[in-house]
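Engineer: Could you look at this predicted model? Sequence included:
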Amino acid sequence: SCDSLAISGGKYYVTSGTARIYTPGKSALAPGYSYYNIRRGKEMEDYTDQPIFAELSTDTVIVKQASVKAVLTKNGKDTIYYSFNSAIAAAQQCTANDNATLKLMKNRTVPSNEGYITLSSGTFTLDLNGDTISNFYSQTILVSGANLTITDSSEGQTGTIKNLGAHAVNAQSGSLIITGGTFIGSGGYSIYNDEERMNITLLSGSYNGGIHYHANSTLNLPNVAMFDTEGNEIALEYTEYVDLDYNCYRTEKPFTVNPYYTVGDVKGKLTKVDNKYFADKLTLVDGMPFSSEYDFTAAETEYSRTMTTKWGTICLPFDVTVSSVTDKTEEGYQPFNFYYVDDINDDVMTLSKETQKVSAGTGMILRHDGTGGEVSIKETNVEVSSNAACASNATDLWGTFTGKTINMGYYIANDKFWNAANREEGAVVPPYRAYVAGSGWAAAKGISILDPEEGTTGVTTVTADKTDADAWYTLDGVKLGAKPNKAGIYIHGGKKVVVK
């Protein structure tokens, strides 16, 4: 029996044969102490069910203060563990009411005699804290009944679970939530599941071995998406395993889980750093709505559209430097001018010119020196707004990033603003345009624009909006003679229609 042993020091070696320490049933070490192999400079596991062998006859084992392997926090109270296995065992006794987090304090390589880490009970968070859990066989962690959340609180986000021969995490029962970390499955998947009714939620993380899960399990991606190394959203492959009598969804591609913005149906990758969000490039496609849950910084932004009339409206989710706006048809050509609405009086809109910068989300009047052109706007390192567009100056000129149908107010078409109330189905305002809200002006049918560049009103009598339900229009409100043959987005019957 070793009931009375509590070793806290000493050097243990042999001159021939193989040195070993054998204490069956319990540890011979005093609390907080550990065995160290001097030659390898490595702390050794304190096994209680088998001998600890020094690898060579010349090896020497010493006992000294152990390193902290993990800290278990339950309802704000910390408990230090010098044994990883003891820490894992304690975490599996925690319930949801304990608000438990097990934080790693040291890298861990699963010994070959243990096989892998099995989590069969408990509700807790495993915080990798920048450390690595490694294994070479089968899987590194098997979730088999536990409700596990994996995160990484380290500043450098270096926390990793890896397996050099198979799966990093094998999730079979219970639940798995991942909010951070890197998962390496060399020879297997980063996340693997082949049992029904497993609930897997990914909120963040990097997965170099892909993912595989049973078709009757659930993968949740709340407000996030899976992106490949090129920044494109990954589509999971549906696979039927006839011999195994089950189906799955999977991808073997490396991916990351990130928040995103959308342009139309296409998701763009956002990267979160220090609670701020970043994108490599934002390309707005005219007619395709933009939305984002977050404000973010874009290294590059680009927007272009064909303008077939002299007057138009514009509203973009990022600041625009007026001097950078050009016509794509001629390099360096800058025929576009931006205006705020000063006032609307007696059915006439008066304007004031902006020559420096247009703020994100500001509805503006856009003027071409001729009768239209190719608007090209490019900016670098700008803040992109997720907020709804704001009013321009003190007037009610509102912009939209997503497009909308208005039943009251005024929309632009054929170089004038027309009363939406005169249309049975309202008026379609495409994305990245602006409209006049409200109905407090005397204009029963429309509002003319006073051209500040010509020095004359340029106002003609507004008779009626010549739109009808059967006609086709460009997104700028220009009526076409028939259904267009050119692919694009048009307005027909009061709705946006895609012509292919």
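Structural biologist: Arrived safely, thanks for sending.
Engineer: For stretch 257-274, which outside residues touch it?
Structural biologist: Applying C-beta atoms under 8 Å, 6 or more residues apart in numbering, the contact partners of stretch 257-274 are 178, 202-205, 207, 221, 223-227, 231, 233, 256, 277-280, 282-285, 288-294, 296, 384, 386. For every residue, glycine as well, the C-beta is placed using N, CA and C.
Engineer: switch to 7 Å and redo it
Structural biologist: With C-beta atoms under 7 Å, 6 or more residues apart in numbering as the test, stretch 257-274 has contacts from 202-205, 223-227, 231, 233, 277-279, 282-285, 288-294, 296.
Engineer: Run the chain-centre distance for it.
Structural biologist: Relative to the chain's own centre, stretch 257-274 is displaced by 4 Å; criterion: C-alpha atoms, centre = their mean, to the nearest Å.
Engineer: how long is it end to end?
Structural biologist: Start-to-end span of stretch 257-274 (C-alpha to C-alpha, to the nearest Å) is 16 Å.
Engineer: sorry, back to before: among the contacts of stretch 257-274, name the ones in helices.
Structural biologist: Per DSSP state H, helices hold no members of the contacts of stretch 257-274.
Engineer: of these, buried ones?
Structural biologist: Applying 16 or more other C-beta atoms under 10 Å to those, the neighbour count classes 202-205, 224-227, 233, 277, 279, 282, 284-285, 288-290, 292, 296 as buried.
Engineer: who are the neighbours in contact with E453?
Structural biologist: Applying C-beta under 7 Å, 6+ apart, no residues contact E453.
Engineer: Regarding it, what is its secondary structure?
Structural biologist: coil (DSSP: H, G, I helix; E, B strand; the rest coil).
Engineer: Can you give me the separation between it and R367?
Structural biologist: To R367, E453 is 7 Å away according to C-beta to C-beta, to the nearest Å.
Engineer: and if you look at Y411?
Structural biologist: 17 Å.
Engineer: again with I491
Structural biologist: 22 Å.
Engineer: same deal with S83?
Structural biologist: 74 Å.
Engineer: Neighbours of the nearest residue to N199 once chain neighbours are set aside, how many?
Structural biologist: Once flanking residues are discounted, N199 sits nearest to S175: 4.5 Å by C-beta to C-beta, 6 or more residues apart in numbering. S175 has 17 neighbours, counted by other C-beta atoms under 10 Å.
Engineer: What is the neighbour count of R305?
Structural biologist: 24.
Engineer: from the chain's centre, how far out does the helix or strand hosting it sit?
Structural biologist: Assigned by DSSP states H and E, R305 belongs to strand 296-307. Put simply, strand 296-307 sits 20 Å off its chain's centre (C-alpha atoms, centre = their mean).
Engineer: Next, the buried residues of that strand.
Structural biologist: F296, T297, A298, T301, Y303, S304, R305, T306, M307.
Engineer: pLDDT of the next helix or strand after it, averaged?
Structural biologist: Downstream of strand 296-307, the next assigned helix or strand under DSSP H and E is strand 311-314. Average pLDDT, strand 311-314: 94.
Engineer: roughly how far apart are G403 and T179?
Structural biologist: The value you get for G403 to T179, if C-beta to C-beta is used, is 34 Å.
Engineer: ok, M364 to C315 distance?
Structural biologist: Separation of M364 from C315 (C-beta to C-beta) stands at 7 Å.
Engineer: now do K357
Structural biologist: 14 Å.
Engineer: A28 now?
Structural biologist: Using C-beta to C-beta, one obtains 74 Å as the distance from A28 to C315.
Engineer: More neighbours: the two, which one.
Structural biologist: A direct count of neighbours by other C-beta under 10 Å for A28 and C315 places C315 higher, at 25 against 18.
Engineer: which phi and psi does that one have?
Structural biologist: phi -160, psi 120 (degrees, to the nearest 10).
Engineer: Who is the closest residue to it other than its chain neighbours paired with across the strands?
Structural biologist: Using C-beta to C-beta, 6+ apart and skipping residues adjacent in sequence, the residue nearest C315 is G399, 2.4 Å away. For G399, the beta-bridge assignment (DSSP bridges) gives partners A434.
Engineer: Pretty sure G399 sits against G361.
Structural biologist: Yes - G399 is within contact range of G361, at 6.4 Å (criterion: C-beta atoms under 7 Å).
Engineer: quick one: which of the two has more around it?
Structural biologist: G399 (25 against 22).
Engineer: how close does the more buried one get to A360?
Structural biologist: 10 Å.
Engineer: same question, D245
Structural biologist: 54 Å.
Engineer: who's more crowded, the two?
Structural biologist: The neighbour comparison of D245 against A360 (other C-beta under 10 Å) goes to A360, with 22 against 7.
Engineer: Show the contacting residues for the closest residue in space to the more buried one that isn't next to it in sequence.
Structural biologist: Leaving out its chain neighbours, the residue that sits closest to A360 by C-beta to C-beta, 6+ apart is S385, at 4.2 Å. Taking C-beta under 7 Å, 6+ apart, we find S385 in contact with D295, P317, F318, A360, G361.
Engineer: now A91
Structural biologist: Applying C-beta under 7 Å, 6+ apart, one finds that A91 lies in contact with L72, A100, L102, G122, F124.
Engineer: Can you name the helix or strand that the third one falls in?
Structural biologist: So that's L102. Using DSSP H and E, the element containing L102 is strand 101-104.
Engineer: How far does that strand sit from its chain's centre?
Structural biologist: Relative to its chain's centre, strand 101-104 lies at 25 Å (C-alpha atoms, centre = their mean).
Engineer: Repeat that for stretch 156-164.
Structural biologist: Using C-alpha atoms, centre = their mean, the offset of stretch 156-164 from its chain centre is 20 Å.
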